[in-house]
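Enquirer: fold the following and give me the result.
(one chain, ligands or ions: 1)
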Amino acid sequence: MSNPVYLALDLPQLDAAKALAEQVRAHIGGIKLGLEFFCAHGHHGVHEIAHLGLPIFLDLKLHDIPNTVAGAMQAIHVLEPAIVTVHASGGRAMMEDAKAAAANGTRVVAVTMLTSMDDRDLMQTGVAGKAHDQVLRLAELAQTAGLDGIVCSGHEVGSVHRQWKDGFFVVPGLRMGNNGTGDQKRVVTPRQARDDGASVLVVGRPISRADDPAAAARAIEATL
Ligand SMILES: O=c1ccn([C@@H]2O[C@H](COP(=O)(O)O)[C@@H](O)[C@H]2O)c(=O)[nH]1
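Expert: Purely as a prediction, here's the structure:
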């Protein structure tokens, strides 16, 4: 089985990002490039990281009207990303158009509820109820829209997996227990997430901010 760990390369300096990726390359299965990286380095930066030969996950969390999101999806065809994110709260039409505009072979997955939010944060956005129910509701909408899967926390991935048997599930908010949770509120260990049905495990700071990133990545790999 291939390594499900994708390193979140949330670093502002391109050289430092490349060096980190090279350092841990043997212990990860892919690289996740998010808003911070893409805003700083754009297509050029993605090409530079792609030279390492690992699958690239573009975590752009697109959220706009359908026509604009479809245009953005077309603009990144050339980067041949393995995975791209949109926000499920953009609605069914937006997700349908995003999927239709994606390159063949690119998995389009919908962010349901950010792992940095809990029930109280959800309520503050005007949504009554539990995070768990909101994730299941948005997962159903993403499935109906024809997406490949969703992003959710390890708290929900087991339930979503039971509801959507062949879905592709991306789980960030992973901690080994010896790291602080930082801004993440719904966290589990990588092993727990994988056992509950995660397809991809996104790990950032537990590796990138470790004293020895390669050892941290190796230790996570060893738990799987
Ligand atoms: O709900 C979400 C969606 C995306 N992310 C991204 O994952 C990584 C997590 O980084 P850590 O340092 O391991 O906390 C980061 O790039 C986020 O943008 C998420 O955390 N939660």
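Enquirer: only C-alpha atoms from now on, for both contacts and neighbour counts.
Expert: Fine.
Enquirer: okay, now residue 43: neighbour count?
Expert: Using other C-alpha atoms under 10 Å, residue 43 has 14 neighbouring residues.
Enquirer: residues contacting it?
Expert: Residues counted as contacts of residue 43 (C-alpha atoms under 8 Å, 6 or more residues apart in numbering) are residue 79.
Enquirer: likewise for the one 5 residues further on?
Expert: Under the criterion of C-alpha under 8 Å, 6+ apart, the contact list for residue 48 reads residue 18.
Enquirer: switch the cut-off to 6 Å
Expert: The contact partners of residue 48, by C-alpha atoms under 6 Å, 6 or more residues apart in numbering, come to none.
Enquirer: that one and the ligand, how far apart?
Expert: Here the criterion is C-alpha to the nearest ligand atom, to the nearest Å. By it, residue 48 lies 18 Å from the ligand.
Enquirer: before we move on, which element is residue 33 in?
Expert: For residue 33, the element it lies in under DSSP states H and E is strand 30-34.
Enquirer: partner strands of that strand, with direction?
Expert: Strand pairing for strand 30-34, using DSSP bridges, gives strand 5-8 (parallel), strand 56-62 (parallel).
Enquirer: so the residue sitting nearest the centre point of the chain bridges to which residues?
Expert: In the chain, the C-alpha nearest the mean C-alpha coordinate belongs to residue 170, at 5.3 Å (C-alpha atoms, centre = their mean). Residue 170 has these beta-bridge partners by DSSP bridges: residue 151, residue 200.
Enquirer: tell me where the protein has helices.
Expert: 14-24, 35-50, 66-75, 92-101, 119-124, 131-144, 157-163, 190-195, 205-208, 213-223 (DSSP state H).
Enquirer: got TSV for these, with mean pLDDT too?
Expert: Below are the helices of the chain laid out as TSV (pLDDT from 0 to 100):
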stretch	mean pLDDT
helix 14-24	97
helix 35-50	96
helix 66-75	98
helix 92-101	98
helix 119-124	96
helix 131-144	98
helix 157-163	97
helix 190-195	98
helix 205-208	97
helix 213-223	97
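Enquirer: roughly how far does residue 220 sit from residue 192?
Expert: 12 Å (C-alpha to C-alpha, to the nearest Å).
Enquirer: starting at the chain centroid, how far to stretch 104-112?
Expert: 10 Å (C-alpha atoms, centre = their mean, to the nearest Å).
Enquirer: can you offset everything so residue one is 192?
Expert: Got it, first residue is 192 now, which makes that one stretch 295-303.
Enquirer: and that stretch, what's buried?
Expert: 297-303 (16 or more other C-alpha atoms under 10 Å).
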